[in-house]
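In: for reference, the sequence and a predicted model appear below.
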Amino acid sequence: MNGTLKQKLVELLEPVVLAEGMELVDVSVSGGGRTTLRVTIDQERGIGVDDCARVSRAVSLILDVEDPFPGRYALEVSSPGLNRPLVKPEHFRRAVDRDVKLKLNRPLEGRRLNYRGRLTGFMDDPPRIVLEMESESVTIPLDCIGKANVEYPVEEALAGRRRR
């Protein structure tokens with residue numbers, strides 16, 4: 001999805017999601033045979049099916065009026081899940097001391113595009129993160145990051161299931 005369409009969708013949908021008491025985490029459009037608009041939402045207590053349905057209804061109303069792209073589309077509203085995406089600076093701030101997986105949109109100093117490690121710091125002006133890996137520490141500007149996700153440890157998930 002081009003940056004202009006994404007920005008337009010964020011500007012259109014963020015106030016709607018905020019009015020429902022939630023955060024707009026991300027917006028993406030994918031296509032092929034049928035266009036799909038994915039809206040990812042979150043809130044401190046987590047997201048349930050009722051939350052997704054409520055936001056879906058509110059988003060549908062604004063999309064019907066504004067019609068941001070031509071043709072038919074499917075709307076999907078969901079939670080970020082365990083391996084939540086890191087999109088905004090505040091997402092990276094909240095993920096400090098968590099394991100993350102990054103894919104850069106361009107090589108950093110001629111090096112690789114994919115990184116995995118512990119996010120140990122976030123700095124403003126310009127926004128950048130510090131990533132600790134087994135053998136090194138690297139500082140990465142946010143504008144170099146194409147995709148980032150928290151890596152939820154499988155052991156934590158399994159331990160949580162056993163406690164129930």
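Out: All right, it came through fine.

In: does Gly81 sit in a helix, a strand or a coil?
Out: When states are read from DSSP: H, G, I helix; E, B strand; the rest coil, the local structure at Gly81 comes out as coil.

In: where's it relative to Asp26, distance?
Out: Taking Cβ to Cβ, to the nearest Å as the criterion, Gly81 is separated from Asp26 by 11 Å. Heads up, the C-betas are built off the backbone N, CA and C, glycines and all.

In: who has more neighbours out of those two?
Out: Regarding Gly81 and Asp26, a neighbour count based on other Cβ atoms under 10 Å identifies Asp26 as having more, with 18 against 13.

In: list phi and psi for the more buried one.
Out: Dihedral angles of Asp26 (phi, psi; degrees, to the nearest 10) stand at phi -160, psi 160.

In: how about the contacts made by it?
Out: Asp26 sits next to 38-40, 80, 85, 87 when contact means Cβ atoms under 8 Å, 6 or more residues apart in numbering.

In: which one is it nearest to, not counting chain neighbours?
Out: Excluding the flanking residues, the one nearest Asp26 by Cβ to Cβ, 6 or more residues apart in numbering is Thr40, at 4.4 Å.

In: what is the neighbour count of Arg118?
Out: For Arg118, the count of nearby residues is 17 (other Cβ under 10 Å).

In: show me which of the contacts of Asp26 are buried.
Out: Applying 16 or more other Cβ atoms under 10 Å to the contacts of Asp26, the neighbour count classes 39-40, 80, 85, 87 as buried.

In: which members of the residues you listed occur in strands, if any?
Out: When strands are assigned by DSSP state E, the members of these inside them are 39-40.

In: okay, the buried ones among the contacts of Asp26 in CSV with pLDDT next?
Out: Rendered in CSV, the data for the buried ones among the contacts of Asp26 read as follows (pLDDT from 0 to 100):
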residue, pLDDT
Val39, 96
Thr40, 95
Pro80, 91
Pro85, 92
Val87, 91
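
In: much appreciated, bye for now.
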